[in-house]
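A.B. asks: Requesting a structural model of the entry that follows:
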Amino acid sequence: MLDVSPKQEYGITPTHIAIIMDGNGRWAQSRGLPRIAGHRQGAEAVRRSVEGCRELGVAYLTLFAFSSENWKRPASEVDDLMGLLRLYLRREINDLARNGVRLKIIGDRSRLSVDIRALIEECEQRTALNSGLTLTIAVSYGAQAEIVSAARAIAAAHKRGELSLDDVTETTFSGFLYTGGLPDPDLVIRTSGEQRLSNFMLWQSAYAELLFMDVFWPDFDKQCLVSAIDQFNARDRRYGATSSS
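C.D. replies: Below is the predicted model:
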């Protein structure tokens with residue numbers, strides 16, 4: 001079994017880190033390169049982040065890869081991004097499986113191609129019993145749609161007599177989200193300097209620390225991750241209480 005216990009040399013390691021990976025296009029533009037070059041380098045940053053989280057003892061890493069709004073981008077860019085997703089899954093699955101990483105994909109899969117959906121299911125099944133880092137990738141994901149989907153599922157369960165209204169609590173509701181079974185993130189990072197959540201984990205981030213880093217995603221590395229954890233440790237998390245309570 002892999003050691004995912006927090007590494008005390010970095011202070012308190014967040015159990016769950018979620019990252020809005022932003023800035024691929026601007027990284028490429030600043031170098032006079034096509035946007036796909038930024039996305040390719042972004043895939044390398046994903047690999048570095050997974051390795052960094054394993055080394056630092058982070059138990060859960062969630063990455064926002066493709067939003068439900070990203071379908072509005074030019075068809076050629078969407079095709080490139082889907083091709084990268086396909087390539088990432090095929091190329092990385094052996095390393096993920098060998099390193100004890102459990103892979104989950106969340107989002108609306110109905111809009112993905114048949115072969116990508118099959119590839120996702122194959123990767124999830126292959127890593128389902130791994131007990132190291134849980135890597136969750138949000139694809140075709142939107143938090144508002146996720147919340148509506150959960151509300152509809154609860155209403156349907158109530159209509160079938162499987163769930164009473166008194167049973168509907170915050171905990172129950174969380175279980176109907178795409179992230180059901182995962183702990184809420186302790187730290188949400190967004191790269192590129194933009195300061196908004198952009199429809200990402202709106203329910204789950206209620207008590208998360210938010211950190212906006214002035215670095216484009218392709219340049220994100222372990223040093224950035226350590227810096228983020230340092231800043232997380234400097235925060236005073238009170239969950240609505242006072243420091244002395």
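A.B. asks: which stretches of the protein have low pLDDT?
C.D. replies: 1-10, 240, 242-245 (pLDDT under 70).
A.B. asks: From Tyr207, how far out is the most far-flung residue of the chain relative to its centre?
C.D. replies: In the chain, Gly161 marks the outermost C-alpha relative to the chain mean, sitting 33.5 Å out by CA atoms, centre = their mean. Counting by CB to CB, to the nearest Å, the separation of Gly161 from Tyr207 is 33 Å. Glycine gets a C-beta too; all of them are placed from N, C-alpha and C.
A.B. asks: now do Gly175
C.D. replies: Per CB to CB, Gly175 is found 18 Å from Tyr207.
A.B. asks: Relative to the whole chain's centre, how far out is the helix or strand that Gln231 is a member of?
C.D. replies: For Gln231, the element it lies in under DSSP states H and E is helix 222-234. The chain centroid and the centroid of helix 222-234 are separated by 17 Å, computed with CA atoms, centre = their mean, to the nearest Å.
A.B. asks: Now do that helix: everything it contacts.
C.D. replies: Residues outside helix 222-234 that contact it (CB atoms under 8 Å, 6 or more residues apart in numbering) are 10-14, 17, 48-49, 51-53, 55-56, 186-187, 189, 209, 211, 213, 215.
A.B. asks: Mind checking which of these land in strands?
C.D. replies: Counting by DSSP state E, the part of the contacts of helix 222-234 found in strands is 17, 187, 189, 209, 211.
A.B. asks: Now distance to Pro74 and neighbour count too, for these, in CSV please.
C.D. replies: Below are the ones in strands among the contacts of helix 222-234 laid out as CSV (distance: CB to CB, whole Å; neighbours: other CB atoms under 10 Å):
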residue, distance to Pro74, neighbour count
Ile17, 31, 27
Leu187, 33, 22
Ile189, 27, 27
Glu209, 35, 19
Leu211, 31, 18
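A.B. asks: by contact count, what packs against the helix ranked longest in the chain?
C.D. replies: Longest helix in the chain, counting residues (DSSP state H): helix 75-98. Judged by 3 or more CB pairs under 8 Å, 6 or more residues apart in numbering; DSSP states H and E, helix 75-98 is in contact with helix 35-56, strand 60-67, helix 114-127.
A.B. asks: Run through the neighbouring helices and strands of the helix or strand following it.
C.D. replies: Using DSSP H and E, the next helix or strand after helix 75-98 towards the C-terminus is strand 102-106. In terms of contacts (3+ CB pairs under 8 Å, 6+ apart), strand 102-106 is packed against helix 114-127, strand 134-141.
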